[in-house]
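1. What would the 3D arrangement of this be:
(2 chains)
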Amino acid sequence: GENVEQHPSTLSVQEGDSAVIKCTYSDSASNYFPWYKQELGKRPQLIIDIRSNVGEKKDQRIAVTLNKTAKHFSLHITETQPEDSAVYFCAASIRSGGGADGLTFGKGTHLIIQP
Amino acid sequence: KAGVTQTPRYLIKTRGQQVTLSCSPISGHRSVSWYQQTPGQGLQFLFEYFSETQRNKGNFPGRFSGRQFSNSRSEMNVSTLELGDSALYLCASSLSPRAEQLFFGSGTQLSVL
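-> Take a look at the predicted model:
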């Protein structure tokens, strides 16, 4: 089955700096890669996702890049703000006309924004 | 539109007991999946239901089971509870199994003593 590795487990950055979280996956059939943000005591929420036919996707201060050959994808947050403090999870799955499987998540990255 | 609703919010059980958790998806969403979240293992996929049928299953023992009703509401059951079953159980709904965006509920925090 799919295996997703996520690094680092904790990331502390100064407010205004950029943050990068990296994930690798094992199953070359995976074609959908979402990122979820979970604030303390709250539910995970989708912040951005990318499909395997796209190399990069941006949404304001957030971007995701995908390297299918190396089987890794990364989340980039620019101009970090205090409200970016949370745990971020990457995930991988197969989404196709034939169906879909469950999301395989990385173990999460605790992002701390220092004032 | 109401979000995904999970009940109860908290549960305390003892080893050997069984438990049933409930999930009401967003109106119009027909796919419901369940995840277990623990500090050590993170988020792990349990199973997914669509049209009252289990479509996918994760790598969990048979003590974990679920079902879906005709109104898309879902329940999951854990029998013969073990200490290691203590976790936050999250339900997520989507329009269909192939839909990309999952909407999570707030979860049920299960403590097994």
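
2. and stretch B:50-66, which residues are buried?
-> Of the residues in stretch B:50-66, B:50, B:55-58, B:60, B:64-66 count as buried by neighbour count, 16 or more other CB atoms under 10 Å in any protein chain shown. C-beta: built from backbone N, CA, C; applies to glycine.

3. where do the strands sit along chain A?
-> A:4-7, A:10-14, A:19-25, A:32-38, A:45-51, A:56-59, A:62-67, A:72-77, A:86-92, A:95-96, A:99-100, A:104-105, A:109-114 (DSSP state E).

4. Least confident of those, on average?
-> Among these, strand A:99-100 carries the lowest mean pLDDT, a mean of 64.

5. Give me the most central residue, chain B.
-> Against the mean C-alpha coordinate of chain B, by CA atoms, centre = their mean, the closest residue is residue B:34 at 3.4 Å.

6. Residue of chain B nearest chain A, please.
-> At 3.2 Å from chain A, residue B:45 is the closest residue in chain B, using CB to the nearest CB.

7. What is the burial count for that residue?
-> 24 (other CB atoms under 10 Å in any protein chain shown).

8. Across the sheet, point out what pairs with it.
-> residue B:35 (DSSP bridges).

9. what's it in contact with, if anything?
-> A:101-104, B:33-35, B:56, B:58 (CB atoms under 8 Å, 6 or more residues apart in numbering or on different chains).

10. Next: residue A:48.
-> Taking CB under 8 Å, 6+ apart as the test, what residue A:48 contacts is A:34-35, A:57, A:59, A:62-64, A:75.

11. switch the cut-off to 6 Å
-> Going by CB atoms under 6 Å, 6 or more residues apart in numbering or on different chains, residue A:48 touches A:35, A:59, A:62, A:64.
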